[in-house]
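Colleague: any chance you can model this:
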Amino acid sequence: MTPLTISKDEYSRRRQTFMTHIQEQKLQGAVLFNPTSIFYLVGFHFIPTERPMALVLDAEGKTRLFVPRLEVEHAEQASYVDTVVSYFEYPGEKHPMQHLVDMLQQAGLQTAFGVDADGYASGWGYRGPRLSELIPAATFTFVGRYIEEMRMAKTAEEIALIRESCRWGNLAHVLLQKYSVAGAKEIEMIATLGPLYKPAGSATAFAGFRGQIGANSALPHAVTINATLQPGDTLVTGAAADIYGYHSELERTMFVGEPSAEQRRFFELMLCAQDLAIATIKPGIPCSAVETEMQRYYRDHNLAPYLRHHTGHNIGLMGHELPFLDLGDNTIIEPGMLFTVEPGLYVEGLGGFRHSDTVVVTETGTESLTYYPRDIDSLICG
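Modeller: Numbers count the residues shown, from 1 in each chain. Got it, this is the predicted structure:
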């Protein structure tokens with residue numbers, strides 16, 4: 001049975017793949033500031049505050065985590081690195097970025113190395129110099145996109161985690177539908193999943209509406225307004241769970257009471273669109289081919305006025321990842337890629353109509369990891 005974690009061996013394989021790329025670029029090593037990239041390579045998840053943190057890899061692949069003093073024990077316990085190097089506090093008499101430059105020189109990174117940013121950045125009051133200002137003679141090569149591309153196709157361990165995320169998202173959605181009755185308020189509908197749920201990440205399982213209630217559901221990215229559910233409301237839901245940092249996406253269109261003929265019509269058009277998208281996804285074709293087929297469907301059914309976004313996106317450590325089911329993305333679909341399949345129709349005054357399912361690409365097509373009922377009669381709330 002595949003364990004619900006990322007193994008030490010898989011982290012090692014990731015770093016080796018990344019370091020092969022660094023060596024091919026004839027770089028002395030790499031400095032990474034992005035929390036997701038750091039977690040992906042060494043398993044260290046942290047809250048990016050005003051205190052700079054970075055992962056440094058030298059030409060031999062030795063890894064060093066650069067952290068403030070308050071993160072030392074956490075970094076030592078939760079990461080696969082060779083060394084943890086710390087400074088006391090930000091801003092300090094000597095700026096943390098100066099300490100980082102000292103560490104880079106000790107690691108042999110002085111003239112040419114890869115970076116995912118020209119220094120640390122945070123909206124928590126951070127101010128500091130860029131790496132290019134501190135090491136003006138060095139040349140920097142951006143390598144952050146390469147790590148994003150490494151994350152596009154998931155391994156068996158990653159898929160197992162996302163499958164578990166889907167399971168808990170499904171359970172959360174069951175509770176959401178149970179409490180979605182006329183008169184209930186959006187924020188009041190919160191219920192525990194019990195002691196068996198262990199997120200092993202930064203977030204918990206959830207299910208809600210994010211403000212997509214009634215006419216407001218026609219806003220694809222609405223925000224919570226704590227609306228009171230009314231008879232006849234269209235509801236667009238969202239449910240997911242964080243399992244060891246990995247995400248999934250489950251969304252459904254529901255109704256408070258019996259839907260009208262117009263609500264049924266747009267629901268069925270949306271459902272046919274999602275069926276078409278799932279049937280079109282297969283390895284060996286570009287992502288754009290899926291969206292091309294969807295645009296044909298929309299034209300044939302005169303649905304252009306109700307469109308607001310493309311069909312979907314990859315998902316994993318982040319809610320949105322490369323590649324995208326979009327006309328402008330010609331990435332070739334591969335087995336192991338995951339996509340949210342979420343074509344939506346948005347009718348002003350009536351509501352939004354969107355299901356989202358998380359599917360994994362197989363050798364011949366797709367497998368849906370989410371499994372909540374999709375038919376309209378199963379999605380009518382009391």
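Colleague: show me what counts as buried in the helix or strand where Gln263 lies.
Modeller: Mapping Gln263 onto the secondary structure by DSSP states H and E places it in helix 261-280. The neighbour-count check on helix 261-280 (16 or more other CB atoms under 10 Å) flags Gln263, Phe266, Phe267, Leu269, Met270, Leu271, Ala273, Gln274, Leu276, Ala277, Ile278, Thr280 as buried. C-beta here means a position set from N, CA and C on the backbone, and glycine is covered the same way.
Colleague: I'd like the next helix or strand past it.
Modeller: Next along the chain after helix 261-280, taking DSSP H and E as the criterion, comes helix 287-300.
Colleague: ok, residues contacting that next one?
Modeller: 272-273, 276-277, 280-281, 303-304, 307, 310-311, 323-331, 333, 343 (CB atoms under 8 Å, 6 or more residues apart in numbering).
Colleague: among those residues, which ones are buried?
Modeller: Among those, those that count as buried by neighbour count (16+ other CB under 10 Å) are 273, 276-277, 280-281, 303, 310-311, 323-327, 329, 331, 333, 343.
Colleague: filter those down to the ones in helices?
Modeller: When those are checked against helices (DSSP state H), the matches are Ala273, Leu276, Ala277, Thr280.
Colleague: what sits against the last one?
Modeller: By that I understand Thr280. Contacts of Thr280 were listed using CB under 8 Å, 6+ apart, and they are Ala289, Val290, Glu293, Met294.
Colleague: try 10 Å this time
Modeller: Shown in contact with Thr280 (CB atoms under 10 Å, 6 or more residues apart in numbering): 289-294, 297, 311, 325, 333, 341, 365-366.
Colleague: of these, just the buried ones, ChimeraX syntax please.
Modeller: To isolate the buried subset of the contacts of Thr280 in ChimeraX, counting by 16+ other CB under 10 Å, use the following:
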select :289,290,291,293,294,297,311,325,333,341,366
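Colleague: out of the contacts of Thr280, flag the one nearest to Glu76.
Modeller: Proximity of those to Glu76 was ranked by CB to CB; the top entry is Ile333 with 40.0 Å.
Colleague: from Gly312, how far out is the closest one?
Modeller: 12 Å (CB to CB, to the nearest Å).
Colleague: what is the least confident helix or strand in this structure?
Modeller: Each helix and strand of the chain was given a mean pLDDT (mean pLDDT, DSSP states H and E); the minimum falls on strand 206-208 at a mean of 91.
Colleague: centre of the chain to the next helix or strand after that one, how far?
Modeller: Moving toward the C-terminus from strand 206-208, the first helix or strand encountered (DSSP H and E) is strand 234-236. In terms of CA atoms, centre = their mean, to the nearest Å, the gap separating the centre of strand 234-236 from the centre of its chain is 23 Å.
Colleague: quick one: list the elements packing against strand 234-236.
Modeller: Packing contacts for strand 234-236, counted by 3 or more CB pairs under 10 Å, 6 or more residues apart in numbering; DSSP states H and E, involve strand 253-256, helix 261-280, strand 344-347, strand 351-354.
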